[in-house]
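In: Curious how this folds, go ahead:
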Amino acid sequence: MTSAAEQTRSDIVAMLPRLRRFARALTGSLADADDIVQIAVERALMRMDQYQQGTRLDSWLFSITRNAWIDEARSRTRRGKVFAPAEAGEQVGYGGEAEVHTKLEADDVWTAMRKLPEDQREAVALVCVEGLAYREAADALGIPIGTLTSRLARGRETLQVMLGGAR
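Out: Predicted coordinates for the structure are as follows:
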């Protein structure tokens, strides 16, 4: 195995937390997010020869993750399955008032994110949560930058209203 392939594998492992956050924004469920990340990483590893060294690995992985979610959502629709509800007891083990308050605020944001239309949720997740530049996010989603900008603006505005931040 070449050192470039080893480095790419290592970089994929380092991306796991970001992929999981993005997948959770897409799916609204920790369990579904983990499943989607597993599918995406498996696809990435099987298709490493398609990755062009010197390009943005994160954009490539976000695209694979998004496509894995689209495939899974279509499959579930065909099978007539309902998405798994959030696990009960997610907050077990949290202690201290500040930690609980922070967790509840984060839960409010994730709940609001799940209510966004999918196109806006993807844009907000890539730019606001993952910190991708507009061009990188647009490339990952396969859309023009102007489309990304409008989806992002609508998504941010809707989140502000839902979270009580609109004036």
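In: so how far is stretch 65-72 off the chain centroid?
Out: When distances are taken as CA atoms, centre = their mean, to the nearest Å, stretch 65-72 is centred 11 Å away from the chain's centroid.
In: If we go by neighbour counts, what in it is buried?
Out: Buried residues in stretch 65-72, counting neighbours by 16 or more other CB atoms under 10 Å, are found at 65-66, 68-69, 72. Any C-beta I mention is one placed from the backbone N, CA and C, and that applies to glycine too.
In: Including distance to Ser59, could these go into a markdown table?
Out: Written out in a markdown table, the entries for the buried residues of stretch 65-72 read as follows (distance: CB to CB, whole Å):
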| residue | distance to Ser59 |
| --- | --- |
| Thr65 | 11 |
| Arg66 | 11 |
| Ala68 | 15 |
| Trp69 | 16 |
| Glu72 | 20 |
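In: From those, pick the one nearest Val124.
Out: Arg66 (13.4 Å; CB to CB).
In: you'd agree the closest one is up against Asp139?
Out: No - the pair Arg66 / Asp139 is not scored as a contact, 11.7 Å apart, by CB atoms under 8 Å.
In: and the next element down the chain from the helix or strand of the chain with the lowest mean pLDDT?
Out: Counting by mean pLDDT, DSSP states H and E, the chain has its least confident helix or strand at helix 97-115, which shows a mean of 66. Moving toward the C-terminus from helix 97-115, the next helix or strand (DSSP states H and E) is helix 118-124.
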